[in-house]
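>>> Sequence first, then the predicted structure, then my questions.
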Amino acid sequence: MPIRKNTLLTVPLYCTAASLFTFFLVVYGIGRFALIIQPDGSVTSDEGKTLLIYGFILAASLLIGGPLLFGKMTKKEIALSAAIWAAFHLVLLVIGYVVPLRGSTGVLYMYLSMTNDWCSFIPLLLVHFIGNDLICDLLGLGSAFLFVLFGKKRE
């Protein structure tokens, strides 16, 4: 059974839209509930509340986008589309760890990395257990493959 070409960018486009929505929701909306003002006046965030916020966002992204967008696609189509998204972010991850990001390069990297914000829950959770940021980020790249659960087995 051939994979429909019009489904290849479905997961990357959905993840990008969900990430941009997540970024602005957290920065300008609900993110302030996780902020803590220290006695010296500095501001930090509560890890538990941040994890809770991103957990709700991931669950909402999966439960809203999964059945609505990916229920009509086959599991193979979703997996290939998710692999495209994961490959793009793997390249970004390698660039972030290898290339010194200064000036306009750093700003461009920040904007491109913003498209991975919807699934921040997985790396944030894993860092408590594993402790290695690189491994947690690599494991977080698999989050788009969770949409495969909503796909059909056959056309």
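Yes, it's here.
>>> List the residues that contact the most centrally placed residue in the chain.
Residue closest to the average C-alpha location in the chain (CA atoms, centre = their mean): C119, at 3.0 Å. Listed by CB atoms under 8 Å, 6 or more residues apart in numbering, the contact partners of C119 are C15, L58, S61, G140, S143, A144. In this view, the C-beta of every residue, glycine as well, is placed from N, C-alpha and C.
>>> which SS state does it fall under?
Following DSSP: H, G, I helix; E, B strand; the rest coil, C119 is assigned to coil.
>>> what sits against the closest residue to it other than its chain neighbours?
Excluding the flanking residues, the one nearest C119 by CB to CB, 6 or more residues apart in numbering is S143, at 3.7 Å. Contacts of S143 were listed using CB under 8 Å, 6+ apart, and they are L58, C119, I122.
>>> could you dump the residues you listed to JSON lines with distance to V27 and pLDDT?
Below are the contacts of S143 laid out as JSON lines (distance: CB to CB, whole Å; pLDDT from 0 to 100):
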{"residue": "L58", "distance to V27": "17", "pLDDT": "90"}
{"residue": "C119", "distance to V27": "17", "pLDDT": "85"}
{"residue": "I122", "distance to V27": "20", "pLDDT": "89"}
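>>> And the helix or strand where L51 lies, what's buried?
Taking DSSP states H and E as the definition, L51 sits inside helix 47-70. Applying a neighbour-count criterion of 16 or more other CB atoms under 10 Å, the buried positions in helix 47-70 are T50, L51, I53, Y54, I57, L58, S61, L62, G65, G66, L69, F70.
>>> Show me where the chain has its strands.
35-37, 43-45 (DSSP state E).
>>> Now mean neighbour count, distance to R4 and mean pLDDT too, for those, in JSON lines please.
Listed next are those as JSON lines, based on neighbours: other CB atoms under 10 Å; distance: least, CB to CB, whole Å; pLDDT from 0 to 100:
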{"stretch": "strand 35-37", "mean neighbour count": "11", "distance to R4": "45", "mean pLDDT": "82"}
{"stretch": "strand 43-45", "mean neighbour count": "11", "distance to R4": "42", "mean pLDDT": "82"}
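>>> And the helices in the chain, which stretches?
With DSSP state H, the ranges of helices along the chain come out as 10-28, 47-70, 75-98, 103-113, 121-129, 133-140.
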